[in-house]
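[1] Here is my input; please provide its structure:
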Amino acid sequence: RSFSNGVTAYLQYQLGPSFEQHRATSPVGCEQVQVVAMVLFLLYVKAELDGVGSLTLNRNANICISVRNPMSDTEVREKVAFNLRDQVEQDESSREPPHQFALKWEGTKKSSTLIVLDEAATKTALKKKKKYKGETPRPVTTDDSGSWVPIVAVETRGLEPYAYHPLGNEFIVESDQGTAFTEDVDLSEGDWADYDEEHDAAVSISDFETKWEPV
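    Below is the predicted model of the structure:
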């Protein structure tokens, strides 16, 4: 069957060598092909750290992202929030794997989903990506100042994250001296600063940036 140029490129990207087989044999069109395609994305962070030993994503927090329909040039959902650990409630008859976020694009019957991977699942997923030579997600450290570091991995079906929006409570900062800042680490404006009273030292983060990359 024939697909539009945009859909063809997306499916070739997701399915690789198996794309032609799906195109030739799929009796129900693009939606059926989309179901079999899980895509791994990494969220990267870059920032300048001063007096900060580490910047860590709090795995119990909510995060806010924007996603788009990879089968469309225009359909997006901006600033959707979900918890990194909590799973969406599903009917007992559902065949979907446990996931943290789901939506339905206009005109589709099946939900598009996003799964936040834990450390073990991330390592397993990355091992399958033979061409990936980068790091597994980890905290950002002083030595990483100005460099892109992956902090979390997600697997998606039928949606594509393209932006990250800090909420102000999803990061934990530890100073060079080991003092933890667990509240009000608000990076929504691209910077944050506080004072480590115990060690009489300033701590700050500046030039904070994020990006999503498919693996």
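[2] how about the strands in this structure?
    Along the chain, counting by DSSP state E, strands occupy 39-50, 52-57, 62-68, 76-83, 101-103, 112-116, 140-141, 149-157, 160-164, 171-175, 180-181, 192-196, 201-214.
[3] average pLDDT for the fourth one?
    Meaning strand 76-83. If you average the pLDDT over strand 76-83, you get 98.
[4] and the angle from that strand to strand 160-164?
    Computed by axes from the mean of the first three to the mean of the last three Cα atoms, to 10 degrees, the angle separating strand 76-83 from strand 160-164 equals 80 degrees.
[5] Could you do the first one as well?
    Strand 39-50 and strand 160-164 are oriented at 10 degrees to each other (the same axes, to 10 degrees).
[6] And for the longest one?
    Using the same axes, to 10 degrees, one finds that strand 201-214 and strand 160-164 are set 160 degrees apart in direction.
[7] Quick one: distance of strand 201-214 to the chain centre.
    How far strand 201-214 lies from its chain's middle: 16 Å, per Cα atoms, centre = their mean, to the nearest Å.
[8] So for the closest residue to Asp86 other than its chain neighbours, what's the pLDDT?
    What sits nearest to Asp86 in space, not counting adjacent residues and going by Cβ to Cβ, 6 or more residues apart in numbering, is Gln100, at 6.7 Å. The way it works is simple: take the backbone N, C-alpha and C, and place the C-beta from them, glycine included. As predicted, Gln100 sits at a pLDDT of 96.
[9] Which one of the strands of the chain lies nearest to Gln90?
    Ranking the strands of the chain by proximity to Gln90 (Cβ to Cβ) places strand 101-103 first, at 8.6 Å.
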